[in-house]
Structure formats: C-alpha cells, structure tokens
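Engineer: Next input, structure requested:
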Amino acid sequence: MKCFISLMLLAFNILFTVSISEARIYLDFTSPDFRKIPVAVPYFVEKSRPDQYIEQGKSMADILSKGLSFHGFISVISPDTYGGRQNTDWEELNAHFAVLAQYSNSNDGIILELRILDIEEKRMLFGRRYKGPWKKHKQMILKFCDEVIEQLTGEPGISLSKIAFVSDATGHKEIYVSDILGDDIRQVTRHHNLAVSPRFSADGKKISYSSYHRGNQDLYITDLSQSKTTRALSRRRGMNLAPAWSPKGKNMVITLSKDGNPDLYLMNDRGEVIKRLTANSGLNVSPSWSPDGSKITFVSDRSGTPQIYVMDVKSRRVKRITFEGSDNSEPSWSPKGDWIAYAGLYEGNYHIFIIRPEGGTPVRITKYWGDHESPCWSPDGRQLVFTRIRNGEKKICAIFKNGSGMRTLFKAAGNQNSPQWSKRLN
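Structural biologist: Reported below is the predicted structural model:
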C-alpha cells in the first residue's frame, strides 16, 4: 500500500493520459441499502513545497470536500483524523477513494493537477490538469468535482449550477444569485422595491423576474454577465407573472391578465405573444415545462380549488393530475421528466410532494414542522430546493428526492424565498 501511494505521488511530476471510458465505474446510490462512499480529500500541496501544508491548500481541499458532500452519497473523511497528509494509509482509514492534488502559482495564475485513486483496486481512476487565473480556481476545483461524480454515477455533477432567490436583506425584496455552496451570493436587482419570481433562461445566462417598481407587476430580464443590462419583457396592464422558459430557450409561458382573467400565454424572448393557451377558465399560474418541451404543468382553480394540471402545448388538451388535498400549487417538472414536484396543504401545513406526470398517488417528501413551498429540481433530478417557513422566518433548504438530507443552504441575512435552480453551467 505504501508503495502504491509513493507511486501515485510520483505521478504528480509527469504528464499522463487516462481513458475515461476505461476508468469509469457506476454506483447505484438510489438503492435503499446504499451507504455513503467514504472519500479522503487531503490538503492540496504546493508543487515547490510538497512537504508543507499551508492555508491555501487547506482552503482548496475544503472547496472540493464541500462540493462532493453536497451530492449526498459521498462522506468526506475529516482531514483532522490524519492531519491532511497525502502520504496516508487510506486502507487503514477505510477510504474507498482518495483525491490527491497539487498546485503551482505563477504570474499568469494557478496550475492545478488532481487525481482520484481507487483504493480497493489500487489504481488511478483519472486525472485532470487545469490552468487559469487565480480567481477561477474555485471553478476549476468544482469542475473536477463534477467529473468525479460522473465517474461514479454516469452523470455529471451539479457543482457549477446556480440558485436564484428573493431576499429582503436590504429592507426590500430583491433578486439574488448564489453558487450551491452559498459562498458567492450576488445581488442582481436594485429596484429598492418588490422584485419576485426569478426564473433562469434555458442557458442560465439570463434571469427574468417581476418587479413592482413602476407601480405595476411588470416582467424584466437581466443579463447576468452584465449587471446593468436589464430590459422590460412585458409591461402589459395587470399581471406579468413568472415565465417558464422553454427547454430550447426561445419561448416562454407567462401569466398575463391584460384581458381580465389571469391566463397562460406563449410568448417569445422579445416579449411578443405567440398564442393564448388558456381562456377564462379560472386562475392559471405557475407554469413549468416538460424536458422535451411538448407539455407544461400549471396551477388552476377551475375546479374550485388550486390543483395541478398538465397541458399538451400543441393541442392545448388539459388533464388534472392532483385530486388529494384542497390546495396544491407551484409545480416543477423534473429534468428527467419522471416526476412533478409541488407544494400541497397537508394537516394545516404546506409540504413538498411529488407525483407522476400522468397522475396517481402523490408522495410526500417533507415531514418536518413548518411550511414548505416553491419547490424546484436540481439539474440532475436528485434533489429539490424549496422555501421553509418557521416562526415567520423564511430560509432556502434542499432535500433529496427520497426525503433524506434536508438542510439549510445559505447562511445569509434576512429572509430568503422562491428559489430557482439553474441547469448545469460551464
């Protein structure tokens, strides 16, 4: 084992090529008998000082540890148990995998080299080398994290996705965007008024939202790469509410009340109405597209109470899918297409449920006290983010689809609500 570790450390000083297709292993962590995989992430070492562990290397190892743990099926072994050293006996620690990383600083930025070792098989699964400005080191580390997840599950990780939400930290409800770890929270709007319902565009580069700063509930869109590039999408009289962007990104479904009743309309990204989807059949709000773009799910009270419906966009045929509970709202279609999540009133509190798109018996995901609202799926369809309300305080929480692992995501001032999860971002 010690010989194996020494050889792996020596590999840091040579170039190599590894075939991902040969190294890839898939783990079925959806099995009820599955236990979390113990992974060691020792401190990153500076190439010129391999025997020293400095704060910079500890910080980078912590980023990778958080990213891996976030996915829910990996348990990172605390580096305190082995001093964070890379020349540790991983078998003795019962680690299944270990990540060894080194870096070097230059005038141009940073060079990162990372390898993941399969301890039981005594082989290196794969390695990566990244080079870029220092300010991009976190993205490099999380990109590697997502590749590790892909090696283990067959599907890329979600470390580089973003979460948008509403916060009243400034005294006004404004739109914010954060990385999944909550380390980089950015304020997007500064209307000093009420901004609600953030929605990512299909490519994740823009965000739309409704704002009341002109007195009406108008719809706007902002380019996230340029914080001052904001334009109005719809300032029609009445509601201009919470669009759902189509998977192809050209069109959206939006609630407008310009003709009196709150109805769903298909609109392009220039704000032009293409066609009306519902007509005077009660309140129609909260649309969400199916992954293939052929259907939408939405809320309507046409039956007398808010319930979840599914519509074929081309034919406009509608089917009700929820029949349990008197108040079901805020549907979100899974990126895999197999479930629709929604908030439903149950025994006096709102909880998160999932149901098949064709209907059937809903499954309650949240089982804790308080209200749970505004569910939205992670890009891999394995987690849900939502608003939890307790004693009047609103926080953004995440939970796995099987109801495990509920936790608060952001340690930030004020109340946060209405989260929206982006797709995977490069």
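
Engineer: tell me the mean pLDDT for stretch 72-86?
Structural biologist: Mean pLDDT, stretch 72-86: 95.

Engineer: I'd assumed Leu112 was in contact with Gly127.
Structural biologist: No: applying C-beta atoms under 8 Å as the test, Gly127 and Leu112 come out as separate, 10.7 Å apart. Using the backbone N, CA and C atoms, a C-beta is placed for each residue, glycine as well.

Engineer: Show me how this protein divides into domains.
Structural biologist: Segmentation of the chain into domains, based on automatic domain parsing, reads 2-153, 162-421.

Engineer: now, of those, which is deepest in the fold?
Structural biologist: domain 162-421 (a mean of 18; mean count of other C-beta atoms under 10 Å).

Engineer: Would you mind measuring the gap between the ends of that domain?
Structural biologist: Its first and final residues considered, domain 162-421 spans 6 Å by C-alpha to C-alpha, to the nearest Å.

Engineer: Looking at that domain now, give me its mean pLDDT.
Structural biologist: When pLDDT is averaged over domain 162-421, the result is 94.

Engineer: So that it lines up with my notes, have the first residue be 9 from now on.
Structural biologist: Yep, numbering from 9; the last one is domain 170-429 now.

Engineer: Any idea how far it is from the middle of the chain?
Structural biologist: When distances are taken as C-alpha atoms, centre = their mean, to the nearest Å, domain 170-429 is centred 14 Å away from the chain's centroid.

Engineer: what are the ranges of the strands in the stretch 259-408 of the chain?
Structural biologist: Listed in chain order, the strands of the stretch 259-408 of the chain (DSSP state E, counting those that start in this stretch) span 259-264, 271-276, 281-284, 292-297, 303-308, 315-320, 326-328, 336-341, 348-354, 357-363, 371-372, 379-385, 391-398, 401-408.

Engineer: export these to a markdown table and tack on distance to Gln147?
Structural biologist: Below are the strands of the stretch 259-408 of the chain laid out as a markdown table (distance: least, C-beta to C-beta, whole Å):
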| stretch | distance to Gln147 |
| --- | --- |
| strand 259-264 | 29 |
| strand 271-276 | 32 |
| strand 281-284 | 37 |
| strand 292-297 | 28 |
| strand 303-308 | 33 |
| strand 315-320 | 37 |
| strand 326-328 | 42 |
| strand 336-341 | 27 |
| strand 348-354 | 29 |
| strand 357-363 | 31 |
| strand 371-372 | 36 |
| strand 379-385 | 23 |
| strand 391-398 | 21 |
| strand 401-408 | 21 |
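
Engineer: now for the ones you listed, which one comes closest to Gln60?
Structural biologist: For Gln60, the closest of the strands of the stretch 259-408 of the chain is strand 401-408, at 36.6 Å, according to C-beta to C-beta.

Engineer: That closest one packs against which elements?
Structural biologist: The contact analysis (3 or more C-beta pairs under 8 Å, 6 or more residues apart in numbering; DSSP states H and E) places strand 401-408 against strand 391-398, strand 415-416, strand 424-429.
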